[in-house]
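>>> sequence? don't have it. structure:
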Ligand code: SF4
């Protein structure tokens, strides 16, 4: 099966004034098949959000390839081509407080994309807004109200309705539950899972801890300072983590997961994440890794398939 999203050697660098180059995403490759969810996890600043935003063209890529439905996204030039991509590849943002315009009614927020894409004209549009609100667990009376009248969880439901309004195939879920109360998080995850099944959606689901992505992801990529350091099926990653950073992330999950046999090799995560500005050759996890050798300090490890579908970048495994 050809992937819906194909990302190859993607780089996104930012020039930071007086400091140098921030390599937020540095040579990242992955595929996402139709109907699949790829989780992307890592600590703050690891590049996961930048990666998601670059994939949907909110940021221009510095280099590398992004293909969507077999088309090279960088070659989409005409207004029609860009519209086609924007309609099919949507994003749900992390902060449901900042991402909704406080001056617009919920109905207008949800309808905006349809207007931009000339979808559901006339009175069909408001009918579609009502349908979407009910799909995400709200009701049609909510269309005339403003975002500040809603709780965080409800606002995220509005954000989801807005993303769905243009009938996308693919959605980047950019930490959609991180800003919500723990009690609400499961509800929003369950909603996303149900919508995926009902509408046949494909997700890139970004989160900062592995426990959050476990239940929603078919496969998970672990990011550290701009690199994917491990990529495997969700079950394999939990059962058989190989990269010292993945093991450390799993050690950091506070409540032991009965499905996950804690191996003796799990290591606590100590020390600070280094700076991704002007970083040199070598493994970026080296300063926090108890297995680091001279080779780790000078040679950047490459992502390598160690078992079918299980990729790791670590000199220990070469
Ligand atoms: Fe540790 Fe070296 Fe592996 Fe990096 S390459 S994770 S420093 S052992």
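Received it, and whenever you're ready, just let me know what you need. In this text, all values refer to a predicted model and were calculated from it rather than measured experimentally.
>>> What are the boundaries of the helices in the stretch 101-250 of the chain?
106-116, 123-135, 152-164, 182-199, 210-214, 234-239, 244-251 (DSSP state H, counting those that start in this stretch).
>>> Could you take those helices and lay them out as JSON lines, with extra columns for mean neighbour count, mean pLDDT and distance to the ligand?
C-beta coordinates here come from the backbone N, C-alpha and C atoms, glycine included. Formatted as JSON lines, the helices of the stretch 101-250 of the chain follow (neighbours: other C-beta atoms under 10 Å; pLDDT from 0 to 100; distance: least, C-beta to the nearest ligand atom, whole Å):
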{"stretch": "helix 106-116", "mean neighbour count": "20", "mean pLDDT": "95", "distance to the ligand": "42"}
{"stretch": "helix 123-135", "mean neighbour count": "17", "mean pLDDT": "96", "distance to the ligand": "44"}
{"stretch": "helix 152-164", "mean neighbour count": "23", "mean pLDDT": "96", "distance to the ligand": "35"}
{"stretch": "helix 182-199", "mean neighbour count": "15", "mean pLDDT": "94", "distance to the ligand": "30"}
{"stretch": "helix 210-214", "mean neighbour count": "21", "mean pLDDT": "85", "distance to the ligand": "17"}
{"stretch": "helix 234-239", "mean neighbour count": "19", "mean pLDDT": "94", "distance to the ligand": "16"}
{"stretch": "helix 244-251", "mean neighbour count": "22", "mean pLDDT": "91", "distance to the ligand": "5"}
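>>> Nearest to residue 91, out of the ones you listed?
Across these, residue 91 has its closest neighbour in helix 152-164 (6.8 Å, C-beta to C-beta).
>>> so what secondary structure elements neighbour the closest one?
Where contact means 3 or more C-beta pairs under 8 Å, 6 or more residues apart in numbering; DSSP states H and E, helix 152-164 is packed against strand 89-92, helix 106-116, helix 123-135, helix 182-199.
>>> Next, the angle from it to helix 106-116.
If you take axes from the mean of the first three to the mean of the last three C-alpha atoms, to 10 degrees, helix 152-164 sits at 20 degrees to helix 106-116.
>>> Can you tell me what sits against helix 152-164?
With contact meaning C-beta atoms under 8 Å, 6 or more residues apart in numbering, helix 152-164 is reached by 90-93, 96-97, 99-100, 106, 109-110, 112-113, 129, 132-133, 135-138, 142, 147, 150, 171, 176-177, 179-181, 184, 187-188, 191-192, 195, 199.
>>> Please name the nearest non-neighbouring residue to residue 305.
The shortest distance from residue 305 to any non-neighbouring residue, by C-beta to C-beta, 6 or more residues apart in numbering, is to residue 311 (5.3 Å).
>>> Setting aside sequence neighbours, what's the nearest residue to residue 25?
Using C-beta to C-beta, 6+ apart and skipping residues adjacent in sequence, the residue nearest residue 25 is residue 12, 4.1 Å away.
>>> mind checking the SS state of the one you found?
Judged by DSSP: H, G, I helix; E, B strand; the rest coil, the three-state class of residue 12 is strand.
>>> List the contacts of it.
24-25, 47, 50-51, 54, 59, 61-62.
>>> Return the subset of the residues you listed lying in helices.
If you go by DSSP state H, the contacts of residue 12 have 50-51, 54 in helices.
>>> Can I have the buried ones of the residues you listed as a PyMOL selection?
Listed next is the PyMOL selection for buried residues among the ones in helices among the contacts of residue 12, using 16 or more other C-beta atoms under 10 Å:
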select buried, resi 50+51+54
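>>> near the ligand, which of the ones in helices among the contacts of residue 12 show up?
Among the ones in helices among the contacts of residue 12, no residue lies close to the ligand (C-beta under 6 Å from any ligand atom).
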